[in-house]
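Engineer: Sequence and predicted structure below; questions after.
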Amino acid sequence: MIRCVVAEDEHILRKGLILTTDWKSLGCEIIGEAENGEEALNLIRRLHPDLILSLIHISEPTRQAE
């Protein structure tokens, strides 16, 4: 089974991709999803996926002023 992470900052697109594709029939399993680049990197480092589905550019999380 190919272990996949989906990284997409648009919630509806990310969920749509995950829920409307028959991943199992493709030999894939979604093991994680991220809404920004920082989350994606953390997941990739922790889960070591075989495949990453991502935009070319993912926004950074909005940080609160200190």
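Structural biologist: Yep, that arrived.
Engineer: now the strands for the chain?
Structural biologist: Using DSSP state E, the strands of the chain run over residues 2-7, 28-34, 51-54.
Engineer: Pull out the buried positions in the shortest one.
Structural biologist: Looking back up the chat, that one is strand 51-54. residue 53 (16 or more other CB atoms under 10 Å). All C-beta atoms are positioned from the backbone trio N, CA, C, and that covers glycine.
Engineer: Then the second one?
Structural biologist: Judged by neighbour count using 16+ other CB under 10 Å, the buried positions of strand 28-34 are 28, 30, 31, 32, 33, 34.
Engineer: related to what we said a few turns ago, please tabulate the strands of the chain in TSV and include distance to residue 22 as additional columns.
Structural biologist: As requested, these are exported to TSV (distance: least, CB to CB, whole Å):
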stretch	distance to residue 22
strand 2-7	13
strand 28-34	9
strand 51-54	15
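Engineer: want to throw these into TSV with mean pLDDT and distance to residue 41?
Structural biologist: Formatted as TSV, the strands of the chain follow (pLDDT from 0 to 100; distance: least, CB to CB, whole Å):
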stretch	mean pLDDT	distance to residue 41
strand 2-7	97	9
strand 28-34	97	8
strand 51-54	94	10
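Engineer: Of these, which is nearest residue 16?
Structural biologist: Proximity to residue 16 (CB to CB) singles out strand 2-7 among the strands of the chain, at 10.3 Å.
Engineer: Just the C-alphas of the closest one, formatted as CSV.
Structural biologist: What follows is strand 2-7, C-alpha atoms only, in CSV (Å, rounded to 0.1, in the frame of the first residue of the first chain):
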residue,chain,number,x,y,z
ILE,A,2,1.4,3.4,-1.0
ARG,A,3,1.2,5.8,2.1
CYS,A,4,0.1,9.3,1.1
VAL,A,5,0.0,12.7,2.7
VAL,A,6,-2.3,15.4,1.3
ALA,A,7,-1.2,19.0,1.8
